[in-house]
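Engineer: next comes the sequence, and after it the predicted model I'd like to discuss.
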Amino acid sequence: MNIEERNNIKTGIIQNLILENREKLSISGVVDVLSFDDQVVMIETELGLLTVKGENIKINKLSIDTSEVIVEGDISYLAYSENNQEKTGGSLLSKIFK
């Protein structure tokens, strides 16, 4: 049993990040998009808060049904942090579906 299989058994959550040529990032397991602009996107995922940084960043696809997001631009930084950070200003999804 490899490390990935052990981690999936522990959490029961599968999440994929696919980065293509540092220009297109496909993310599954998305819970919410907390904030975004042309340099930073903050995404709440099932495995924690994901911060994506770069230049000319835009959200190309946001699917609530499949819990997927596609981010495009010149991506230079990806990092996870804990899920329990304070949210400010509400999420993008909550603003859209008011």
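Structural biologist: Structure received.

Engineer: name the element residue 32 belongs to?
Structural biologist: Assigned by DSSP states H and E, residue 32 belongs to strand 30-36.

Engineer: paired strands for that strand, with orientation please.
Structural biologist: When pairing is defined by DSSP bridges, strand 30-36 lines up against strand 40-45 (antiparallel).

Engineer: C-alpha coordinates for the very next helix or strand once past the partner strand, PDB please?
Structural biologist: Where DSSP H and E defines the elements, the next helix or strand beyond strand 40-45 is strand 48-63. Provided in PDB are the C-alpha atoms of strand 48-63 (Å, rounded to 0.1, in the frame of the first residue of the first chain):
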ATOM      1  CA  GLY A  48      -7.900  22.900   3.900                       C
ATOM      2  CA  LEU A  49      -7.600  26.500   2.600                       C
ATOM      3  CA  LEU A  50      -5.700  26.600  -0.700                       C
ATOM      4  CA  THR A  51      -4.000  29.900  -1.700                       C
ATOM      5  CA  VAL A  52      -3.000  30.300  -5.400                       C
ATOM      6  CA  LYS A  53      -0.900  33.300  -6.400                       C
ATOM      7  CA  GLY A  54       0.400  34.600  -9.700                       C
ATOM      8  CA  GLU A  55      -0.200  37.200 -12.300                       C
ATOM      9  CA  ASN A  56      -3.300  37.700 -14.500                       C
ATOM     10  CA  ILE A  57      -5.200  35.100 -12.600                       C
ATOM     11  CA  LYS A  58      -8.900  34.400 -13.400                       C
ATOM     12  CA  ILE A  59     -11.400  31.700 -12.500                       C
ATOM     13  CA  ASN A  60     -12.300  30.000 -15.800                       C
ATOM     14  CA  LYS A  61     -14.700  27.500 -14.400                       C
ATOM     15  CA  LEU A  62     -16.600  27.200 -11.200                       C
ATOM     16  CA  SER A  63     -18.900  24.100 -10.800                       C
END
